[in-house]
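**Student:** generate coordinates for the sequence data below:
(2 chains)
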Amino acid sequence: MIGVDANTLLALLPPAGVALLAMLVVIVDMASPARDRLLTVLAAGGLAVLMVLTVVVGPFPGIGLLSEPVEVFAGAYVRDSLTSLLDLLMMSIALLTILFGPDYLRPRGLPAAEFASMLLFAITGAMLIGGARDLLLLFLALELLVLPGYLLAGYAKRDGLSTEGAIKYFLLGSFSSAIFLFGLVLTFGFTGTTSISEVAAAVNQAVGGGAGLAPGLLMGLALLTTGAAFKIAAVPFHYWTPDAYQGSPTPVTGYLSVGPKVAAFALILRLFVEALGGLKADWTPFVIVLAAATMTLGNLVALSQDNIKRMLAYSSIAHTGYILVGLAAYGGAAPGSEAEAAGLQSVLFYAIAYSFMNLGAFACVAALQRRPGVTSQIATFAGLGRRAPLLAALMLLFLLSLTGIPPLAGFWAKWYVIQAALQVGGWLTLLAVLAVLNAAAAAFYYLRVAVYMYMRDAPEAAPPVVVGGATRTGLGLAALGTIAIGLVPPVTIAVIVMAQQAAQALL
Amino acid sequence: MYGLPLLTLVTFLPLAGALVIAVLPRERLDWIRWAALGTSLLAWAVSLYLLTGFDPAQSGFQFGEEASWVPAFGIQYKLGVDGISLALVVLTTTLTWISILASFGPIKERVKEYMISFLLLEVGMVGVFLALDMFLFYIFWELVLIPMYLIIGIWGGANRIYATIKFVLYTLVGSLLMLVAILGMAYTYQATTGTWVGAFDYLALISFGFDPTLQFFAFAAFFLAFAIKVPMFPFHTWLPDAHVEAPTAGSVILAGVLLKLGGYGLLRFNVPLFPQAALDWAPLIIILSLIAIVYGAIVALVQPDLKKLVAYSSVSHMGFVTLGIFVFTEQGLHGAVFQMIAHGIITGALFLLVGVIYERTHDRTIARMGGLAAVVPVYAALFGFFVLASLALPGLAGFVGEFLVIVAAFDYFPIVAAIAALAMMLGAAYLLWMYQRVIFGDLTDFLRGLGHHLTDMNRVEVVTLVPLVTLTVAFGVFPGLLLELWQVPVDDLLARVGSSVLAVR
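**Tutor:** Numbering: from 1, shown residues only, chains lettered A, B, ... in the order given. Next comes the predicted model:
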């Protein structure tokens, strides 16, 4: 029975609201075409309103209309504090991306309506993943997330690189979706249910019974891991990222580096932690290896990149590795221990901090490319410190945060992950040491950009850099996030508390 | 007695100054320069005021300030000062205003950014000396890195980008491993006591008593971070590059304060937090210190570049600091701290003097100099004074620290003292030889070609050096002025290690 009561509506409000907003954007565009500015304001404003509503809905400690988690659709979708936290994060990502769009899109004649509506549909998928308690819904939401992503990647259709990147993204993305789906099927076949809580119960029973797991279920686990690893672009399943990132229009790249990745981690939380938490002894070793390989390879390859979008692509691979360290800490910790919760909190905290700083960095790249024809070579940053002091200062801020320099958000994120890993000890200590060594290596390529900005002179003919109002607002918000999460204790604490609450919802 | 949060004031005054400069118009160079100088003088005044209110006889930290920061992890904003850190704070504030004044002439490009960087650097340096919370300490520690990176990278010499990246990467590797150790300690503390309260509190941690394994590894991680900063052989290779490329004032701060951060860290954190590990590691560190002392001196002997010579002499002089710390005697610790202060003053002055000649000749090659005594007598006299101070002439500040350390080393093991004393002779050799080549003899063709550009020191340059001359003489003649200041912390430190030392012997 699907009871349509007030709580059901409240629980569904955020994703439904975003889906409606996406449709509204399409309708307004049809009614009065080419009103790019209006559409941007509409999409951004709508998202802002929905974010406020999400906070109002809750359930967060002390605030929110809902005081406890609400399950709807016979338990297929849940609104707990994790769902709301992820919803807020995904909507912030969409909001920032929409703000960064116009400056880049308009000079290239790319329409804003498609951009905004595709993005909003994708975000709807991401938000549904955050609350999915059923494997089928999880898969459908995943597809809703990635399909608009393919479109966005190939959306500059006269640009060869964009098309190439989109095709690679599409092919490998479909592949991984198929693999993932196959894993889901096997899991369903061997547990007889698609409900996540029932899968968890079946798995716990099998593990607890001492009989071990059926080979088919293990196969399903392997396929699920592979599929998820593709989605988060963990090494060695990362090959699609650099091309897709380099080819896509820059604001889209920024979104791709954050949105689908965070959503994929949401999926991992719902699937691996919630459904397959009982199997964590089996999957943790793989996560440790994945984490070590991902951060090390991502950083090493990033060192030699001359194209900033490729460099940031590899850097985002490295950051995936750091987040995986947090997941490994969850996996390696004894069930019910404090370290287990700390691992999950670190994953969430990292995802939040990473979203702001990485989007900010891409936004700076996009702002620089407002004039068509500006390449993505790092050399285009030469002398930016003098040509556009504020933009350069912001880029420096994001780069320092990505490096993990205190007290910015990126530092806290690394701190949280390392702290969780150390609590577990053993192999995780080595992983933590590897993570900090990687962070030191990463400083080299982040600072290289700073070197170009501040220590090399601009070419003679460098045109002035003009940044539009929407981008400015977005950059301001991203910078605010990066600084506030790191530096302003109440904000830091609020984020920590939210992450804690969300982690509790899972355990 | 002191209602004002003086330590916060002395730490963050420069930040306020930096913010003011940020809104000043870019083309008003004089406003920017005077605002920077004014701020740094104000911070200096506050630090001197601290000195007047400080009670050297009192054990523990004074002027303490405490506020909760991130209660979830028990992280606090906690500052305090003892004799050792107070001396280093005053050294920092003194050298900062001198450096800013010395930059008035040489820095003509992007003055605004330069002064902001310099003031932010001061925030970090002073903060490192005052922080009593491991987390807060780490933040200040990293804060030092960014402005110095910019100062070398933007206003440095031809090969500045290589030098600055090397500097950052070396420092970052060390400090990140230290971060792991800090977190490891905090977690161990939390796991044992069941609460995060105090997990980053320096005072709580030093009385916690970590198990030997953790001590061993955490000591290694902290040591690496500080040894790179000191820099100890074999982690010193970033230093000559950084010094050669840095602008004059950058070199002054680098040698005068940044290297002391390493020595201070060893004293403040390595020894009291991990006394057992400190004893275990001591022989190795003493050997490395001796290598640094001798190796730095020998390499300095053959340097063709004035700045490189002074840079390698720093490696040698700082070797006395680490040697003094790890012999664990009263004289040794006194000597180590004294050597830090004296080296900061004297080497800072030497870099200023190299900068003076570089301003006029745009060259630092020793082989192209000669006969300066006849043309620039004031310069020759001041240069001579600091060369003598640096080679540890008795009666000047450089002597006291090295002498105390050698006495302590003799106590520890006579051969060690013999080697260190030998290096003092090498010090006399490279410094006097350099002085002879640069100052005496006939004026070289290169210098003659400069004609009237080769002027003697101007008033600003003299003003920057006068305080340093005064301090060098004062501390050389009355070392007790300083030694009294940190008698109590040195005693406390020895008492802390003492039990372990006795147990071993």
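**Student:** show me where pLDDT drops low in chain A?
**Tutor:** Within chain A, the segments meeting pLDDT under 70 span A:1-4, A:61-62, A:210-212, A:489, A:492-493, A:507.
**Student:** and the residue of it that's closest to chain B?
**Tutor:** Residue nearest to chain B within chain A: A:Val436 (3.8 Å; Cβ to the nearest Cβ). No exception for glycine: its C-beta is placed from N, CA and C like everyone else's.
**Student:** the host helix or strand of that residue packs against which elements?
**Tutor:** Here A:Val436, judged by DSSP states H and E, is contained in helix A:427-455. Here helix A:427-455 touches helix A:280-303, helix A:308-332, helix A:384-387, helix A:389-403, helix A:409-424, helix B:134-155, helix B:160-193, going by 3 or more Cβ pairs under 8 Å, 6 or more residues apart in numbering or on different chains; DSSP states H and E.
**Student:** which among those helices is found nearest to B:Ala249?
**Tutor:** helix B:134-155 (7.9 Å; Cβ to Cβ).
**Student:** tell me the angle that closest one makes with helix B:160-193.
**Tutor:** 180 degrees (axes from the mean of the first three to the mean of the last three Cα atoms, to 10 degrees).
**Student:** got the contact list for B:Phe386?
**Tutor:** B:Ile346, B:Ala349, B:Leu350, B:Leu353, B:Leu468, B:Thr472 (Cβ atoms under 8 Å, 6 or more residues apart in numbering or on different chains).
**Student:** what's the neighbour count on residue 359?
**Tutor:** I'll assume chain A. If you count neighbours by other Cβ atoms under 10 Å in any protein chain shown, A:Leu359 ends up with 30.
**Student:** I was after chain B.
**Tutor:** Neighbours of B:Glu359 (other Cβ under 10 Å): 17.
**Student:** checking the residue nearest to it when sequence neighbours are not counted next. Helix, strand or coil?
**Tutor:** Of all residues not flanking B:Glu359 in the chain, B:Pro106 sits nearest, at 5.9 Å (Cβ to Cβ, 6 or more residues apart in numbering or on different chains). Going by DSSP: H, G, I helix; E, B strand; the rest coil, the secondary structure assigned to B:Pro106 is coil.
**Student:** export the contacts of B:Phe386 to CSV and tack on neighbour count and secondary structure?
**Tutor:** Shown next, in CSV, are the contacts of B:Phe386 (neighbours: other Cβ atoms under 10 Å in any protein chain shown; DSSP: H, G, I helix; E, B strand; the rest coil):
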residue, neighbour count, secondary structure
B:Ile346, 30, helix
B:Ala349, 28, helix
B:Leu350, 26, helix
B:Leu353, 25, helix
B:Leu468, 27, helix
B:Thr472, 25, helix
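**Student:** can you redo the residues you listed as a markdown table with distance to B:Ala158 and pLDDT?
**Tutor:** Below are the contacts of B:Phe386 laid out as a markdown table (distance: Cβ to Cβ, whole Å; pLDDT from 0 to 100):
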| residue | distance to B:Ala158 | pLDDT |
| --- | --- | --- |
| B:Ile346 | 28 | 94 |
| B:Ala349 | 25 | 94 |
| B:Leu350 | 22 | 93 |
| B:Leu353 | 22 | 92 |
| B:Leu468 | 29 | 93 |
| B:Thr472 | 32 | 93 |
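**Student:** JSON lines for the residues you listed, including distance to A:Gly173?
**Tutor:** As requested, the contacts of B:Phe386 are arranged in JSON lines below (distance: Cβ to Cβ, whole Å):
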{"residue": "B:Ile346", "distance to A:Gly173": "65"}
{"residue": "B:Ala349", "distance to A:Gly173": "64"}
{"residue": "B:Leu350", "distance to A:Gly173": "62"}
{"residue": "B:Leu353", "distance to A:Gly173": "65"}
{"residue": "B:Leu468", "distance to A:Gly173": "66"}
{"residue": "B:Thr472", "distance to A:Gly173": "69"}
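**Student:** which pair of the residues you listed spans the longest distance?
**Tutor:** Top of the distance list for the contacts of B:Phe386 (Cβ to Cβ): B:Leu353 and B:Thr472, 12.8 Å.
**Student:** just give me the neighbour total for A:Val55.
**Tutor:** 15.
**Student:** hang on, it packs against A:Asp87?
**Tutor:** No: A:Val55 lies out of contact with A:Asp87 (Cβ atoms under 8 Å); the separation is 9.7 Å.
**Student:** any idea how far the residue in the stretch 1-150 of chain B that chain A sits nearest to lies from A:Leu344?
**Tutor:** Here the stretch 1-150 of chain B gets closest to chain A at one residue, B:Ile139, 4.3 Å apart by Cβ to the nearest Cβ. Distance, B:Ile139 to A:Leu344, by Cβ to Cβ, to the nearest Å: 26 Å.
**Student:** quick one: which of these two has more around it?
**Tutor:** Neighbours per residue (other Cβ under 10 Å) separate B:Ile139 from A:Leu344, with A:Leu344 holding more: 26 against 21.
**Student:** give the contact list for the more buried one.
**Tutor:** A:Leu344 is in contact with A:Leu269, A:Val273, A:Gly326, A:Tyr330, A:Ala499, A:Ala502, A:Ala503, A:Leu506, A:Leu507, counting by Cβ under 8 Å, 6+ apart.
**Student:** which members of these are classed as buried?
**Tutor:** A:Leu269, A:Val273, A:Gly326, A:Tyr330, A:Ala499, A:Ala502, A:Ala503, A:Leu506 (16 or more other Cβ atoms under 10 Å in any protein chain shown).
**Student:** out of the residues you listed, who's nearest B:Val257?
**Tutor:** A:Gly326 (36.9 Å).
**Student:** just checking, the closest one touches A:Tyr354?
**Tutor:** No: if you go by Cβ under 8 Å, A:Gly326 and A:Tyr354 don't touch, sitting 11.2 Å apart.
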